[in-house]
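> after the sequence you'll find the predicted model.
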Amino acid sequence: MFEVDTQNITENKFNLHITLQQNTTKELIVAMSLKATVISEGGACSPSTIATSSPSADSHPAEVIHSGSTSEKREESEKDFDDILREIAEQVNKRQEVDNLGRKLEFHPSKIGPYLENNRNASYMGTLQMLRDWRKDTKKSKEREWLRKALIDIKYVRLADELLPEC
């Protein structure tokens, strides 16, 4: 989705607002020229151009966009998935629910106890650590699918749908 701000065109420059709806939102300003067909009230068509000047040495774009390396994309993906794990840890916070989630993720019951102990005083850090430890031993290609299934199995269907849509 994008929007062109044509009301504030000055010196052949205008702003193009692009909204990317992902896990993060970022505003990008892109220098460009547009060509459009203008239809007058009588129905006649005529070409029209909104020109922009090319960037000069004294003007700098607000942000330079590049594709990024594979390792940068991997880091972003890791960070995004860790945010999902954090949200799950915050939402799945009752002792029995955490125990059930741990079992669905194939933790031995004796391994779940220490994570539960770290959840004292309304903290979810033990659950988050359990999820992170589970992730270390899980194939990347299967982690979303298996976590979604575990959440559905413990009756957190809505949370699974919001954070891990059909894999």
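Noted; the coordinates are in hand.

> please enumerate the helices of this structure.
Taking DSSP state H as the test, the helices found in the chain are 70-91, 95-104, 109-117, 125-136, 140-153, 157-163.

> confidence-wise, which of those is weakest overall?
Of all the helices of the chain, mean pLDDT reaches its minimum on helix 70-91 (a mean of 75).

> dump the helices of the chain to JSON lines, plus mean neighbour count.
The C-beta positions use only the backbone N, C-alpha and C, and glycine is treated the same way. Shown next, in JSON lines, are those (neighbours: other C-beta atoms under 10 Å):
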{"stretch": "helix 70-91", "mean neighbour count": "14"}
{"stretch": "helix 95-104", "mean neighbour count": "17"}
{"stretch": "helix 109-117", "mean neighbour count": "13"}
{"stretch": "helix 125-136", "mean neighbour count": "18"}
{"stretch": "helix 140-153", "mean neighbour count": "17"}
{"stretch": "helix 157-163", "mean neighbour count": "15"}
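
> identify the residues contacting residue 126.
98, 114-119 (C-beta atoms under 8 Å, 6 or more residues apart in numbering).

> pretty sure residue 99 is touching residue 112, no?
Yes. Contact criterion C-beta atoms under 8 Å: residue 99 and residue 112 qualify, at 5.6 Å.

> what's the burial count for residue 122?
For residue 122, the count of nearby residues is 6 (other C-beta atoms under 10 Å).

> how close does the closest residue to it other than its chain neighbours sit to residue 99?
Closest residue in space to residue 122, ignoring its immediate chain neighbours: residue 93 at 8.0 Å, by C-beta to C-beta, 6 or more residues apart in numbering. Distance from residue 93 to residue 99, counting by C-beta to C-beta, to the nearest Å: 12 Å.
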